[in-house]
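Student: no sequence for this one, just the structure:
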């Protein structure tokens, strides 16, 4: 009986510690160019589909509408900044995939959209990191630029 109570007590304490560790949600505002300059971004982003932050991007010939993406990544054994750069790349790839599927050649007016709060910036994106996960949400307009 005592072993059962001890085991239950340890289980409850462990779950409480895990819940508090998982509850961390630290916001970061990180440089867009830093994320774009990583070797992974250079390899995986399509140079034929432009990504334009907080701007219409020039002469639009066709507008396919707004696209929103929200991505999460495992932050275990990574610094918050590393996890944020990785998940930012994932979100940008998702935007480019949407543009490709819709027939566009650019995503313009890209802004952070974490928890549905729009934040436009030409230099920074918003990322939230916890003990186990990091997340980035973006929205933008899929278009064809001349």
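Tutor: On my side now, so go ahead. It should be emphasised that the depicted structure is a prediction, and the values quoted were computed from it without experimental measurement.
Student: what residue is smack in the middle of the protein?
Tutor: residue 136 (2.2 Å; Cα atoms, centre = their mean).
Student: that one and residue 83 touch, don't they?
Tutor: No - contact between residue 136 and residue 83 fails when scored by Cβ atoms under 8 Å: they sit 9.7 Å apart. Every residue, glycine included, has its C-beta placed from N, CA and C.
Student: next, show the common contact partners of these two.
Tutor: residue 127 (Cβ atoms under 8 Å, 6 or more residues apart in numbering).
Student: coming back round to it: and the average pLDDT for whatever helix or strand the residue nearest to the centre of the chain lives in is what?
Tutor: Assigned by DSSP states H and E, residue 136 belongs to strand 133-145. Computed over strand 133-145, the mean pLDDT rounds to 98.
Student: which elements pack onto it?
Tutor: strand 50-53, strand 60-74, helix 80-102, strand 106-112, strand 124-129 (3 or more Cβ pairs under 8 Å, 6 or more residues apart in numbering; DSSP states H and E).
Student: helices or strands up against the shortest one?
Tutor: Packing contacts for strand 50-53, counted by 3+ Cβ pairs under 8 Å, 6+ apart, involve helix 80-102, strand 106-112, strand 133-145.
Student: hmm, back to that, what pairs with the strand holding residue 136, parallel or antiparallel?
Tutor: In the sheet, strand 133-145 lines up against strand 60-74 (antiparallel), strand 106-112 (antiparallel), strand 124-129 (antiparallel) (DSSP bridges).
Student: so which of those strands gets nearest residue 28?
Tutor: Smallest distance to residue 28 across the strands paired with strand 133-145 (Cβ to Cβ): 4.7 Å, for strand 124-129.
Student: ok, and what's touching the closest one?
Tutor: 24-32, 35, 53, 75, 80, 83-84, 87-88, 112, 114, 119, 134-138.
Student: buried subset of those residues?
Tutor: Using 16 or more other Cβ atoms under 10 Å as the burial test, these include 28, 30, 32, 35, 53, 75, 80, 83-84, 87-88, 112, 114, 134-138 as buried.
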